[in-house]
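[1] With the sequence up front, the predicted model follows.
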Amino acid sequence: MDTLFVGQNIINLDEIESTNTYATNLLKEIPVADGTLIFTNKQTKGRGQVGNTWQAESGKNLTFSLVLHPGFLPADKQFYLSKITSLAVFGLLTEFLDSSLYDIKIKWPNDILVNKQKIAGILIENILRTNYLQSSVIGVGININQLNFVGITKQATSLAALLHKEFALKELLHLFCKHFEVLYLTLKQGNFTKINQAYLQHLYRFNEWANYHASNETFNAKITRIEENGLLVLSNQQNKMLAFNFKEVAFVD
């Protein structure tokens, strides 16, 4: 692994309920090196955002958690970790998918889409110390070689389904680590503007009129920005700004 610290220490597990749960429990027991990766071939109870589950066929996909100690990052800017993780997944995918043929987008707050089908999800759990982050567990699931998505309500896809070939998981994990480390160091240097610009450039429905559902009503609006704390800000037809937290608003197709 030719990175400075991300992925230099890897804990390989054949089977685990959740890599995020394992990482969180490990942090309570022992010091965990910055950039440690917990990787598993089979995750039996993968977790998504706000109680959702992440389903992945055994041995077919990337399911892992990354442990960081971002003590430099204020708690009110913690969503930047989601931004750089999304951009790292985006960067990994663009190494294989031609952007002229495949529409790769980051969907707020934690999904990556290819041609409007879900290919990856992110779950970040932070431990705070006063007004700064002490530790973070970044859970990532990326569909790589899975072809069968029966039982999954939302449309899903994978690299293998799109390109009709199999991939070596560890090689792709290595590529993710390289992309993530560059972005993490950019964040550590305080270059928030650069991260924001890249994030909005690839954000699904950014500045586009579309339908949303919240508070038992469907309305037309466009995404104008994402707040530093992660709130989604929409502008409706009356030019009124509406801010939503996770699970408070739904994208209507």
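    Nice, thanks for sending it over. Residues are numbered from 1 along each chain as shown.
[2] Am I right that Asn20 is in a strand?
    No. Counting by DSSP: H, G, I helix; E, B strand; the rest coil, Asn20 is not found in a strand; it is helix.
[3] correct me, but it touches Val137?
    Yes. Under the criterion of C-beta atoms under 8 Å, Asn20 makes contact with Val137 at 5.3 Å. Every C-beta, even on glycine, is put in place using the N, C-alpha and C of the backbone.
[4] Mind listing the shared neighbours of these two?
    When contacts are counted by C-beta atoms under 8 Å, 6 or more residues apart in numbering, Asn20 and Val137 have 65, 125 as shared neighbours.
[5] what does the longest helix seen in the chain rub up against?
    When secondary structure is assigned using DSSP state H, the longest helix within the chain turns out to be helix 169-188. With contacts defined as C-beta under 8 Å, 6+ apart, helix 169-188 is touched by 1-7, 35, 37, 39, 61-62, 64, 66, 68, 70, 72-73, 80-81, 84-85, 87-89, 91-92, 95, 140, 142, 144-145, 194-195.
[6] starting at the chain centroid, how far to it?
    The chain centroid and the centroid of helix 169-188 are separated by 13 Å under C-alpha atoms, centre = their mean, to the nearest Å.
[7] Let me see the mean pLDDT of that helix.
    Here helix 169-188 scores 98 as its mean pLDDT.
[8] buried stuff in that helix?
    Applying a neighbour-count criterion of 16 or more other C-beta atoms under 10 Å, the buried positions in helix 169-188 are 169, 172-184, 186-187.
[9] pull the CA atoms of that helix into PDB?
    Taking only C-alpha atoms (Å, rounded to 0.1, in the frame of the first residue of the first chain), the coordinates of helix 169-188 have been written out as PDB:
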ATOM      1  CA  LEU A 169     -11.300  -6.300  -4.600                       C
ATOM      2  CA  LYS A 170      -8.000  -5.600  -2.900                       C
ATOM      3  CA  GLU A 171      -6.700  -3.600  -5.900                       C
ATOM      4  CA  LEU A 172      -9.800  -1.500  -5.800                       C
ATOM      5  CA  LEU A 173      -9.500  -1.000  -2.000                       C
ATOM      6  CA  HIS A 174      -5.900   0.200  -2.600                       C
ATOM      7  CA  LEU A 175      -7.100   2.700  -5.200                       C
ATOM      8  CA  PHE A 176      -9.800   4.000  -2.800                       C
ATOM      9  CA  CYS A 177      -7.200   4.500  -0.100                       C
ATOM     10  CA  LYS A 178      -5.000   6.600  -2.500                       C
ATOM     11  CA  HIS A 179      -7.900   8.800  -3.500                       C
ATOM     12  CA  PHE A 180      -9.100   9.200   0.100                       C
ATOM     13  CA  GLU A 181      -5.700  10.100   1.500                       C
ATOM     14  CA  VAL A 182      -5.200  12.900  -1.000                       C
ATOM     15  CA  LEU A 183      -8.600  14.400  -0.200                       C
ATOM     16  CA  TYR A 184      -8.100  13.900   3.600                       C
ATOM     17  CA  LEU A 185      -4.800  15.800   3.500                       C
ATOM     18  CA  THR A 186      -6.500  18.600   1.500                       C
ATOM     19  CA  LEU A 187      -9.100  18.800   4.200                       C
ATOM     20  CA  LYS A 188      -6.400  18.800   6.900                       C
END
